[in-house]
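> structure for this input, please:
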Amino acid sequence: MGSCCISSLIDEGSVESHRYYLSRRTVFEMLRDRCYDVPDSEIDLSLQDFRSIYGQKPDLERLRISVPLLSDPSKRILVIFCGTDVVKVSIIRGISSQIVNKDNLTGVMLILQNKITSQAQQAVDVFPFKVEIFQITDLLMNITKHILMPKHEILTNEEKQKLLKKLNLEDNQIPRMLKKDAIARYYGLEKGQVVKSTYDGEITDSHVSYRCVM
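Take a look at the predicted model:
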């Protein structure tokens, strides 16, 4: 009986499929938080069902994600999972040649498992749309769900102006958040956007703070 209970806790599938499953789910949660139209079925998909669909060694082409903006369904974001090799300029050029309807893209997200060369990074920088790069290990858990993480809200420009007027502040007087901060990257924030952080008080005193992305 004991050995049966213990064996039920052991994941007998591949580590590779588990990593893809976790990271892909986090990406879907991230895109939903950015107001993209993400089906519940993608976020609620179990590891077992993921493996039955994609296998123990998932085909990276099948793992690609393309979802539309809720506010404008003609605009989409494309998520591409890269393999375990170093990402060289030839890979970036290959990705660029594969992308159709580039005018409809709000951006591309590359999920890496290795480093990207400086030449490849330069090729990424000249893409006609925003390209974000994440390491797969950074996506194995959703950082916004950590027990110590406050609730984050991204202020609209109108809300930001009302805040500045209310507090009689200029942009440069609001505490800063670096653009490379994990939260800024999760929400895909740009310079000048303001993040409202609300602490619930269960562990620390309940309070609200604001930070401006720089």
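> what strand or helix carries Ile80?
strand 76-81 (DSSP states H and E).
> angle of the helix or strand just after that strand against strand 76-81?
Where DSSP H and E defines the elements, the next helix or strand beyond strand 76-81 is helix 89-98. For helix 89-98 against strand 76-81, the angle by axes from the mean of the first three to the mean of the last three Cα atoms, to 10 degrees is 150 degrees.
> state the mean pLDDT of the strand holding Ile80.
Averaged across strand 76-81, pLDDT comes to 96.
> distance from it to the middle of the chain?
Relative to its chain's centre, strand 76-81 lies at 10 Å (Cα atoms, centre = their mean, to the nearest Å).
> need the single longest helix in the protein, by residues.
helix 15-33 (DSSP state H).
> which positions in that helix come out as buried?
17-33 (16 or more other Cβ atoms under 10 Å). C-beta here means a position set from N, CA and C on the backbone, and glycine is covered the same way.
> what are the ranges of the strands in the chain?
Remark: strands assigned in the chain by DSSP state E are 65-68, 76-81, 105-112, 130-135, 151-154, 176-177, 194-199, 207-213.
> what's next to the fourth one, contact-wise?
To tie it back to what came earlier, the one meant is strand 130-135. Under the contact criterion Cβ atoms under 8 Å, 6 or more residues apart in numbering, strand 130-135 has outside partners 106-113, 116, 124-125, 185, 188.
> got the domain boundaries for this protein?
2-141, 144-213 (automatic domain parsing).
> closest to Gly55 out of the strands of the chain?
strand 76-81 (14.0 Å; Cβ to Cβ).
> each with direction, which strands does the closest one pair with?
In its sheet, strand 76-81 lies beside strand 65-68 (antiparallel), strand 105-112 (parallel), with partners assigned from DSSP bridges.
> adding mean neighbour count, distance to Lys151 and mean pLDDT, write the ones you listed out as JSON lines.
Shown next, in JSON lines, are the strands paired with strand 76-81 (neighbours: other Cβ atoms under 10 Å; distance: least, Cβ to Cβ, whole Å; pLDDT from 0 to 100):
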{"stretch": "strand 65-68", "mean neighbour count": "17", "distance to Lys151": "24", "mean pLDDT": "96"}
{"stretch": "strand 105-112", "mean neighbour count": "20", "distance to Lys151": "24", "mean pLDDT": "95"}
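> of these, which is nearest Lys165?
strand 105-112 (30.1 Å).
> alpha carbons of that closest one, in PDB - could you do that?
Presented in PDB, the C-alpha positions along strand 105-112 are these (Å, rounded to 0.1, in the frame of the first residue of the first chain):
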ATOM      1  CA  LEU A 105       1.700  41.200 -35.200                       C
ATOM      2  CA  THR A 106       1.900  43.100 -31.900                       C
ATOM      3  CA  GLY A 107       5.100  41.200 -31.200                       C
ATOM      4  CA  VAL A 108       7.000  38.000 -31.000                       C
ATOM      5  CA  MET A 109       8.100  36.100 -27.900                       C
ATOM      6  CA  LEU A 110      11.100  33.700 -28.100                       C
ATOM      7  CA  ILE A 111      11.400  31.000 -25.400                       C
ATOM      8  CA  LEU A 112      15.100  30.000 -25.300                       C
END
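> contact partners of that strand?
23, 27, 69, 75-82, 87, 95, 99, 124, 127, 129-136, 139, 188.
> repeat the analysis, applying 6 Å as the threshold.
75, 77-82, 87, 129-136 (Cβ atoms under 6 Å, 6 or more residues apart in numbering).
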